[in-house]
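>>> sequence and predicted structure below; questions after.
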Amino acid sequence: MNKPASLLDELRTQYEAARDAAHPQADVESFQAIDARLRKAFRWLEKAVTYLNGLKPPIEHQFDLGHGLVFQSPRFGHGSVGQHNHRIVGFPVLDEINIYYEIAASKALSIEVAPGMVQSAEKALDDAGLQYTSRRVEEAGGSLQKCSLSVPPAIRAMVSFRADYQSGMVPVTLVNVDRFDRVSLDFHSNMIEEPVLEDLVKLILGRDTAFLRRAPLAGLHSRPAAAT
C-alpha cells in the first residue's frame, strides 16, 4: 500500500503551486535580443527627444502641489537621452536608458503660506525635487507671522529603462512625468518596441495615458502580455 502523503508534503505542494501561479516564468530572450531591442529603443528615443527639444510642445498635464502651487501652461523645455552599458560573457550590452527632461511653466510660482502650513508646503516641494526659496516674516516677539515661497518655473522629470537580463524584464520608472510622483512598471523585454515608445511620448505630452496600462506596477509579479 502507498503511504499517504504527510500534511507537510500536502502543504508544500500547495505552496509551490501557489508560488508558481503568482510568479509565472516568462520566456527570457537571449541577451543579444534584449540588447538589440534596447539599442533600437535608444536610437528612437534620441530622435524623439531631439524633435521635442526643437518644438517645445505644450504638455497637457496639470502639475498641482496643493497649497495653491500650480504650474501654469507647462511645455516640454529641454531633454537628453543617456545610456549605460555592462558586459555579459565579455560582450558589451545596453542595460539602462535614461531620459532626463525639464518641464517649463509660463511663470514662476509665488505664494504666502500660513505658519501652520509651512512645513507641509516645504515637504511637498522637497518630495517633488523642486528648487525654491522661502522668506519668513516674524512678529515682534519672534513668532512666525507668514512665509513667502517662490518656485522657479521648471520641473525636473525622468524616465528610466533598466534591463534585467536574467529575468528578461525591463522595469520602467517615471518621475514627475504626468504628475508629481514616482511610478515603476514591469515590462517584458519583448514589449520594448515602437508602439510602446510612442505611447510613452504621448504620455509625456499628456495626449494619452495608454502607456500606464501596458504593464503592471513593479513588484506585483503579474506577467504583461507579449508584444504583437
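Perfect, I can see it now. These figures come from a predicted structure and were not determined experimentally. Numbering: from 1, shown residues only.
>>> mind listing what's buried in the longest helix anywhere in the chain?
If you go by DSSP state H, the chain has its longest helix at helix 31-55. Using 16 or more other Cβ atoms under 10 Å as the test for burial, helix 31-55 gives 31, 34-35, 37-38, 41-42, 44-45, 48-49, 52. For every residue, glycine as well, the C-beta is placed using N, CA and C.
>>> what is the three-state secondary structure of the spatially most central residue of the chain?
With distances taken as Cα atoms, centre = their mean, Leu174 lies nearest the centre of the chain, 1.0 Å away. Three-state call for Leu174 (DSSP: H, G, I helix; E, B strand; the rest coil): strand.
>>> need phi/psi at Glu193.
Main-chain dihedrals, Glu193, degrees, to the nearest 10: phi -130, psi 170.
>>> before we move on, the earlier item: is it true that the residue nearest to the centre of the chain touches Val159?
Yes - contact criterion Cβ atoms under 8 Å: Leu174 and Val159 qualify, at 5.6 Å.
>>> thinking again about what came up before, just send the buried residues of helix 31-55 back as TSV, with distance to Ala163 and pLDDT too.
Putting the buried residues of helix 31-55 into TSV (distance: Cβ to Cβ, whole Å; pLDDT from 0 to 100) gives the following:
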residue	distance to Ala163	pLDDT
Phe31	9	94
Ile34	6	96
Asp35	8	97
Arg37	9	97
Leu38	6	98
Ala41	10	98
Phe42	11	98
Trp44	16	98
Leu45	14	98
Ala48	19	98
Val49	20	98
Leu52	24	98
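>>> returning to what we had before: packing partners for the longest helix of the chain?
Packing partners of helix 31-55 (3 or more Cβ pairs under 8 Å, 6 or more residues apart in numbering; DSSP states H and E): strand 75-88, strand 91-104, helix 194-205.
>>> now render these as JSON lines, adding mean pLDDT, distance to Ser6 and mean neighbour count.
As requested, the helices and strands packed on helix 31-55 are exported to JSON lines (pLDDT from 0 to 100; distance: least, Cβ to Cβ, whole Å; neighbours: other Cβ atoms under 10 Å):
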{"stretch": "strand 75-88", "mean pLDDT": "95", "distance to Ser6": "43", "mean neighbour count": "15"}
{"stretch": "strand 91-104", "mean pLDDT": "96", "distance to Ser6": "45", "mean neighbour count": "18"}
{"stretch": "helix 194-205", "mean pLDDT": "98", "distance to Ser6": "48", "mean neighbour count": "18"}
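>>> for Pro152, which of the ones you listed is the nearest?
Pro152 sits nearest to strand 91-104 of all the helices and strands packed on helix 31-55, at 9.7 Å, using Cβ to Cβ.
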